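[1] here's a sequence, model it:
(2 chains)
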Amino acid sequence: MVNEMTEASDKMKDRDGAFSGPGVVLTKEQARSRRQRNIAIGATIGLLALLFYAVTIVKFGAAIINRTI
Amino acid sequence: MSDASYLHEEQAPRISVASPSDYFALLKPRVMSLVVFTALAGLLLAPAPPHPLIGFASLLAIAAGAGASGALNMWYDADIDALMTRTRKRPIPAGRLDPESALSFGLVLATLSVFTLGYVANWFAAALLAFTIFFYVAVYTMWLKRWTPMNIVIGGAAGALPPMVGYAAATGEINLASVVLFAIIFMWTPPHFWSLALLKSEEYGRAGVPMLPNVAGEDRTRLEILIYALALAPLGVAPWLLGFASLAYGLASIGFGVALVAAAAAVFRKREGEAARGAARRMFLFSILYLFVLFLALVVEQTAHIFELI
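    Numbering: from 1, shown residues only, chains lettered A, B, ... in the order given. The predicted model follows:
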C-alpha cells in the first residue's frame, strides 16, 4: 500500500518536483472504506439531530405551544 | 500503550482503511450491552420513570459513554492486546485502525455522551457518567491494570456504576436500591474475571498483566473466588429483602445464588487438569448467567409495575 501511494505521488510531481496532479490517489480499498465511514458519520449526525429535536419537544411538553403572538 | 511501534510498517495504515465496523468493535459491544441492561434496571427502579424518549436517549448516552471507555481502553492497551489471543484480533493490534484515530474517537464519544446525558436527563447523572469513564480509563486501565492483582477488584467499580447512572438519569439522585445494584455488580466482577484468569493465566503472564493467579497463585485465586461467591449470593437476595423486588426475584436469586456458590466450590475443589479447567469455565459462564437472570428479573418486574400488570 505504501509503495502504491509513493508511485502515485511520483506521478503527480512535475519537473520541478511540485505537486500538480489530482492529489492523493486512493486505492479502491481506501476509497471504499472512506465512503463507508462518511455514510456512517452522516447517518449518525442525522439521527442525533433528530433525537435532540425530539427530546427538546418532549422536554418542553405542552409549553411548546405557549408563545406570544 | 499508545505507541504503535509494535505494528509492522506495512500494517500501519497511512490512509485509513478502517470500516465503520472497526469503529463499532472499539466500543466493546458485548460490554456495552451489559452496561445498557444494568443501567436500564437502575432507570426502571425510579419511583416515576422518565418519558420513554428521555429514557431511551439517556440509555443511548450511557451506552455511548461505555463505548467511549472501551475505545480509550483499546487505545491504551493496544500493546498488550497484541500479545493475547483473546484480544489480538481487535482493530488496533490487527492493524486495521491506527491508535490516534481510536483515541480521537474515544475522546469525542466520551465528551458527546456526557453532554448528551446532561442535556436529556440531568447534570448529576452526566457527572456520574463522566466519573465512570474517568475511573475505567484512568484509574483501571492506565493505573491499576498493570500494577496490582487487585486491578479488577477496585476497577470493577467502573462496571458497577451504570445502574446508579441509570437511576440518577431518571431521578437526579441516587438511593439505596441503586447502591445495592452497584454492590451486586461490584462483588460479581472479581470471581467472574478470576475464573477467566485461571483459564488464561499464561496469556496474562505473557502480556505482563498481574492477574491474581499469576501473582498469588491458582490456589489462592480459587479461595478468593469462593469467598466472593459466598459474599455475592446473599447480596443478590438483598433487593427482595429490602423490598424493591418481588418474591419471585427473591426465590430466583436464592436458587441461582446457591448454584453460583456450588460452581465456586467446584473451582475450589478441582485443582488439577481438565477437571479444574472445566470448573473454571463453568464458573465463568455461570456467573454471566447469574448476573443476567438477576437483572432480567428486575427489569421484567419493574416494567410490569409501570404497565400495572402486577
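
[2] need the helices for chain B, in chain order.
    Here chain B has its helices, by DSSP state H, at B:20-26, B:29-44, B:52-76, B:78-81, B:99-120, B:123-134, B:151-160, B:162-171, B:176-199, B:201-207, B:212-215, B:218-241, B:247-269, B:273-306.

[3] what sits against the residue in the stretch 1-150 of chain B that chain A sits nearest to?
    Relative to chain A, the nearest point of the stretch 1-150 of chain B is residue B:20 (3.9 Å; CB to the nearest CB). Backbone N, C-alpha and C define where each C-beta goes, glycine included. Contacts of residue B:20 were listed using CB atoms under 8 Å, 6 or more residues apart in numbering or on different chains, and they are A:36, A:37, A:39, A:40.

[4] in chain A, which helix is the longest?
    Max-length helix for chain A by DSSP H is helix A:28-60.

[5] so it, near chain B or not?
    Yes. Using CB under 8 Å from any CB of the partner chain, helix A:28-60 reaches chain B at A:29-30, A:33-34, A:36-37, A:39-40, A:51-52, A:54-55, A:58-59.

[6] buried subset of the residues you listed?
    A:30, A:33, A:34, A:37, A:51, A:55, A:58 (16 or more other CB atoms under 10 Å in any protein chain shown).

[7] quick check: which ranges of chain A have low pLDDT?
    Along chain A, segments meeting pLDDT under 70 span A:1-22, A:69.

[8] what parts of the stretch 51-200 of chain B come near chain A?
    Counting by CB under 8 Å from any CB, the stretch 51-200 of chain B sits next to chain A at B:51, B:53, B:54, B:57, B:60, B:119, B:120.

[9] the second one: how many residues sit nearby?
    Residues near residue B:53, counting by other CB atoms under 10 Å in any protein chain shown, number 15.

[10] nearest residue to residue B:87 other than its sequence neighbours?
    Of all residues not flanking residue B:87 in the chain, residue B:81 sits nearest, at 3.9 Å (CB to CB, 6 or more residues apart in numbering or on different chains).

[11] burial measure for the one you found, as a count.
    Neighbour count of residue B:81, defined by other CB under 10 Å: 21.

[12] can you name the residue of chain A nearest chain B?
    residue A:40 (3.9 Å).

[13] residue contacts, that residue?
    Applying CB under 8 Å, 6+ apart to residue A:40 gives the contacts B:20, B:23.

[14] check the gap between it and residue B:18 for me.
    To residue B:18, residue A:40 is 11 Å away according to CB to CB, to the nearest Å.

[15] show me the contacts for the residue lying closest to residue B:286 once chain neighbours are set aside.
    What sits nearest to residue B:286 in space, not counting adjacent residues and going by CB to CB, 6+ apart, is residue B:263, at 4.8 Å. Residue B:263 makes contact with B:229, B:279, B:282, B:283, B:286, B:287 under the criterion CB under 8 Å, 6+ apart.

[16] go again with 7 Å.
    Taking CB atoms under 7 Å, 6 or more residues apart in numbering or on different chains, we find residue B:263 in contact with B:282, B:283, B:286.

[17] can I get the residues you listed in a markdown table with neighbour count and pLDDT?
    As requested, those are exported to a markdown table (neighbours: other CB atoms under 10 Å in any protein chain shown; pLDDT from 0 to 100):
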| residue | neighbour count | pLDDT |
| --- | --- | --- |
| B:282 | 16 | 97 |
| B:283 | 29 | 98 |
| B:286 | 19 | 98 |
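
[18] chain A: which of these is nearest?
    Using CB to the nearest CB, the contacts of residue B:263 come closest to chain A at residue B:286, 37.0 Å.

[19] give me the neighbour count for the closest residue to residue B:50 other than its chain neighbours.
    Spatially, and ignoring its direct neighbours in sequence, residue B:50 is nearest to residue B:170 (5.1 Å; CB to CB, 6+ apart). Using other CB under 10 Å, residue B:170 has 24 other residues around it.

[20] and residue B:170, what does it touch?
    Here residue B:170 is in contact with B:43, B:46, B:49, B:50 (criterion: CB under 7 Å, 6+ apart).

[21] how about the nearest residue to residue B:189, chain neighbours excluded?
    In space, residue B:189 is closest to residue B:156, 3.2 Å off (CB to CB, 6+ apart).

[22] I figured that neighbour hits residue B:190, correct?
    Yes. With contacts counted by CB atoms under 7 Å, residue B:156 reaches residue B:190, the gap being 6.4 Å.

[23] more neighbours, the two?
    residue B:190 (26 against 20).

[24] which residues of chain B score low on pLDDT?
    Looking at chain B by pLDDT under 70, you get B:1-14, B:309-310.

[25] if I look at the nearest residue to residue B:28 once chain neighbours are set aside, how far off is residue B:52?
    In space, and not counting its chain neighbours, residue B:28 is closest to residue B:70: 3.4 Å by CB to CB, 6+ apart. Taking CB to CB as the measure, residue B:70 falls 27 Å from residue B:52.
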